[in-house]
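Engineer: When you get a sec, could you give me coordinates for this:
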Amino acid sequence: MDFFYRLLYYFQKRGFEVCRRIAERLGIRARVVRTSFIYLTFVTLGFGFALYLFLAFWLRIKDLVYTKRTSVFDL
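Structural biologist: Numbering: from 1, shown residues only. Next comes the predicted model:
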């Protein structure tokens, strides 16, 4: 279990350092960079899910409208 915590600490330290360096480069706070990454993560996941639902809805409508009829009496 100690190995897991050391590994977690290592990745957190390096990840926060990346945010800190980006913040220094841009001249803003590191907290703003970290929260921006968190928000972007949620937005992109939400965007993918919304796109999936939109395409599923669109394909369902297309299937309902453009059904292949074999004869005139199928109306």
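Engineer: Show me which helix runs longest in the protein.
Structural biologist: helix 30-65 (DSSP state H).
Engineer: which strands and helices sit next to it?
Structural biologist: helix 2-26 (3 or more CB pairs under 8 Å, 6 or more residues apart in numbering; DSSP states H and E). All C-beta atoms are positioned from the backbone trio N, CA, C, and that covers glycine.
Engineer: Would you indicate which residues of the helix it packs on are buried?
Structural biologist: 19, 22-23 (16 or more other CB atoms under 10 Å).
Engineer: which stretches of the protein aren't confidently modelled?
Structural biologist: Scanning the chain for pLDDT under 70 picks out 15, 67-75.
Engineer: centroid residue for it?
Structural biologist: In the chain, the centroid-proximal residue (CA atoms, centre = their mean) is Leu45; its distance is 2.1 Å.
Engineer: For Phe54, see how far away that residue is.
Structural biologist: Separation of Leu45 from Phe54 (CB to CB, to the nearest Å): 15 Å.
Engineer: related to what we said a few turns ago, what angle do helix 2-26 and the longest helix of the chain make with each other?
Structural biologist: 100 degrees (axes from the mean of the first three to the mean of the last three CA atoms, to 10 degrees).
Engineer: Next, the buried residues of helix 30-65.
Structural biologist: Buried-residue list, helix 30-65, by 16+ other CB under 10 Å: 30, 33-34.
Engineer: Next, format these as a markdown table and append distance to Leu59.
Structural biologist: Converted to a markdown table, the buried residues of helix 30-65 look like this (distance: CB to CB, whole Å):
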| residue | distance to Leu59 |
| --- | --- |
| Ala30 | 44 |
| Val33 | 39 |
| Arg34 | 38 |
